[in-house]
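In: The sequence isn't on hand, but the structure is:
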């Protein structure tokens, strides 16, 4: 599902004309994505925790107010920023959004963090917390690969400081917020200081972590996925460009049951096609938008006959092209994308939500999904422009260097394909023009430049393009006349890379 993770709406009949305020807020290791309720409150998380959830109630919300959640790392940089866009008027909105920890960059950044709730450019609440590192182990995991072979799964753990007498743990996340350990054993034959091998009974599709124990010390967790095995293809017709607006681990709503879901929005045709052959079960519930309750709207489920089911949600009522219990083939048109159910955001919420489960219910937990026809493992680049809306964690290599004149600024950073990098840039009332210039090296790499004003106006290829140089230019440039004073957000979207992050430089000129 796409849009704000607002899981409970109250009457908007009487709300004040003053700006929104936070009436309740807490942090928790777990949260419920149906009832909009947190688990036990805490201010201390550990590197092995799957995620930290921020839960809060926003009261007296006026239509058009913009909500942004920022997770500030110990060095004060914004490790993750999620822009929820403009809100609808309501007396109170319940919001839940996560910060992934185990297997992600925050696990390697212990210390004092804060979660900031920002509306209209103002920080309404800042919740401090800590991430505690595990007792340091000599072993460091760089990557984990898994391969299904018959009735077994063969796992390779790559890193440094590894030893044959290490203990390897394999665990799987549980909805209650912890990990279920499913394997604990010494490495198999062939162990080296930079590679350990492990064979387990065949693992079902899902998300897993590996930890290595040396004595009483544990390494930081490393994540790996076992994906659906059916050869799924993109749910869009050949030649139709779409934009990925939320991928797996999305901070808007792709967590818990929808962890491995994809949201994609049409830029032209709204045709939705089958990702794989099977028997279609249609659910045209004649729903429009249901902003007062969380719903997948009108949807189609396809039974692929091997225990896997694909689901296509938020379809337009009356647009279904297949019948209930009909056999469909891969690539066959199913319906048109719509905004039925709980759908908010760009384009009025018109988009398609897809995920795969091991149960026929659309509400069952999703499993990792790889698109066989996407050009790389990052699942981007369909016609060069199927792009992801996930916000990428900041890189340690990122640095800010203001120019001596004070009216220009150079910001350097890195961004991987299918991810975003962003920074806030102050602009004074004296500025008459504001120019952002993005440059990078390498013909086999590509990135896009986006800018958002303090009032929420988007400048870029799918926003206000009046001062935009175009997407095929290096450097890319956005020039704005008479800029609004306040904190502007500049964002860089990773589009294509050669396997390494795209190193870039953003030059900001204020005249």
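Out: Everything's here; your move. What you see is a predicted model, and the numbers here were worked out from it, not measured in a lab.
In: and residue 356, what does it touch?
Out: 228, 230, 232, 260, 308, 309, 310, 311, 366, 367, 369 (CB atoms under 8 Å, 6 or more residues apart in numbering). Using the backbone N, CA and C atoms, a C-beta is placed for each residue, glycine as well.
In: With neighbour count added, can I get the residues you listed in TSV?
Out: Shown next, in TSV, are those (neighbours: other CB atoms under 10 Å):
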residue	neighbour count
228	24
230	22
232	23
260	23
308	21
309	24
310	24
311	24
366	26
367	22
369	22
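In: Would you map out the domains in this structure?
Out: Per automatic domain parsing, the structural domains of the chain span 6-132, 140-219, 242-384, 399-510.
In: Reformat those domains as JSON lines; add distance to residue 236.
Out: Output for these, formatted as JSON lines (distance: least, CB to CB, whole Å):
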{"stretch": "domain 6-132", "distance to residue 236": "23"}
{"stretch": "domain 140-219", "distance to residue 236": "23"}
{"stretch": "domain 242-384", "distance to residue 236": "5"}
{"stretch": "domain 399-510", "distance to residue 236": "17"}
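In: could I get those as TSV with mean pLDDT?
Out: Listed next are the domains of the chain as TSV, based on pLDDT from 0 to 100:
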stretch	mean pLDDT
domain 6-132	84
domain 140-219	89
domain 242-384	84
domain 399-510	79
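In: Narrow the contacts of residue 356 to those in strands?
Out: If you go by DSSP state E, the contacts of residue 356 have 309, 310, 311, 366, 367 in strands.
In: Can you tell me how far the first one is from residue 335?
Out: Look at residue 309 and residue 335: by CB to CB, to the nearest Å, they are 17 Å apart.
In: Over to the fourth one?
Out: Using CB to CB, one gets 20 Å for the distance from residue 366 to residue 335.
In: sorry, back to before: mind picking the two most distant members of the ones in strands among the contacts of residue 356?
Out: Greatest spacing in the ones in strands among the contacts of residue 356, by CB to CB: 311 and 367 (11.5 Å).
In: Dump the ones in strands among the contacts of residue 356 to JSON lines, plus distance to residue 432.
Out: Formatted as JSON lines, the ones in strands among the contacts of residue 356 follow (distance: CB to CB, whole Å):
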{"residue": "309", "distance to residue 432": "57"}
{"residue": "310", "distance to residue 432": "53"}
{"residue": "311", "distance to residue 432": "51"}
{"residue": "366", "distance to residue 432": "49"}
{"residue": "367", "distance to residue 432": "53"}
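In: ok, residue 71 touching residue 97?
Out: No. In this structure, residue 71 is not within contact of residue 97 by CB atoms under 8 Å, at 9.3 Å.
In: Residue 112 touches residue 127, doesn't it?
Out: No. Proximity of residue 112 to residue 127 does not meet the contact threshold set by CB under 8 Å, at 11.7 Å.
In: higher neighbour count, those two?
Out: Each of residue 112 and residue 127 has its neighbours counted (other CB atoms under 10 Å); residue 127 has more, 18 against 12.
In: show me the residues around the spatially closest residue to the more buried one that is not a sequence neighbour that make contact.
Out: Leaving aside its sequence neighbours, residue 127 sits nearest to residue 115 (CB to CB, 6 or more residues apart in numbering; 4.7 Å). Residues in contact with residue 115 (CB under 8 Å, 6+ apart) are 27, 52, 54, 69, 70, 71, 72, 99, 126, 127, 129.
In: Look at the first one and give its secondary structure.
Out: By that I understand residue 27. Assigned with DSSP: H, G, I helix; E, B strand; the rest coil, residue 27 falls in the strand class.
In: just the strands in the stretch 101-250 of the chain please.
Out: Using DSSP state E, counting those that start in this stretch, the strands of the stretch 101-250 of the chain run over 111-119, 122-132, 140-149, 152-160, 167-173, 179-185, 195-201, 206-214, 217-218, 222-226, 242-246.
In: May I see the ones you listed arranged in a markdown table, with distance to residue 271 as well?
Out: Formatted as a markdown table, the strands of the stretch 101-250 of the chain follow (distance: least, CB to CB, whole Å):
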| stretch | distance to residue 271 |
| --- | --- |
| strand 111-119 | 37 |
| strand 122-132 | 42 |
| strand 140-149 | 33 |
| strand 152-160 | 37 |
| strand 167-173 | 35 |
| strand 179-185 | 40 |
| strand 195-201 | 41 |
| strand 206-214 | 31 |
| strand 217-218 | 49 |
| strand 222-226 | 29 |
| strand 242-246 | 10 |
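In: So which of the ones you listed is nearest residue 65?
Out: Taking the strands of the stretch 101-250 of the chain one by one with CB to CB, strand 111-119 is closest: 5.4 Å.
In: does the spatially closest residue to residue 134 that is not a sequence neighbour have beta-bridge partners, and which?
Out: Once flanking residues are discounted, residue 134 sits nearest to residue 218: 4.6 Å by CB to CB, 6+ apart. Residue 218 has these beta-bridge partners by DSSP bridges: residue 213.
In: just to revisit the earlier point, from the ones in strands among the contacts of residue 356, which is closest to residue 164?
Out: Of those, the one sitting nearest to residue 164 (CB to CB) turns out to be residue 367, at 33.2 Å.
In: Would you mark the buried spots in stretch 63-73?
Out: Residues of stretch 63-73 classed as buried: 65, 66, 67, 68, 69, 70, 71, 72, 73 (neighbour count, 16 or more other CB atoms under 10 Å).
In: on that earlier part again, now, which of the contacts of residue 356 sits nearest residue 43?
Out: Set against residue 43, the nearest of the contacts of residue 356 by CB to CB is residue 260 (29.1 Å).
In: thinking the closest one is in contact with residue 368, fair?
Out: Yes. Counting by CB under 8 Å, residue 368 is a contact partner of residue 260 at 4.9 Å.
In: Mind listing the shared neighbours of those two?
Out: Common neighbours of residue 260 and residue 368, using CB under 8 Å, 6+ apart, are 207, 248.
In: In the sheet, which strands lie alongside the helix or strand encompassing residue 69, parallel or antiparallel?
Out: Under the criterion of DSSP states H and E, residue 69 resides in strand 66-72. Note on strand 66-72: by DSSP bridges, its sheet partners are strand 78-86 (antiparallel), strand 111-119 (antiparallel).
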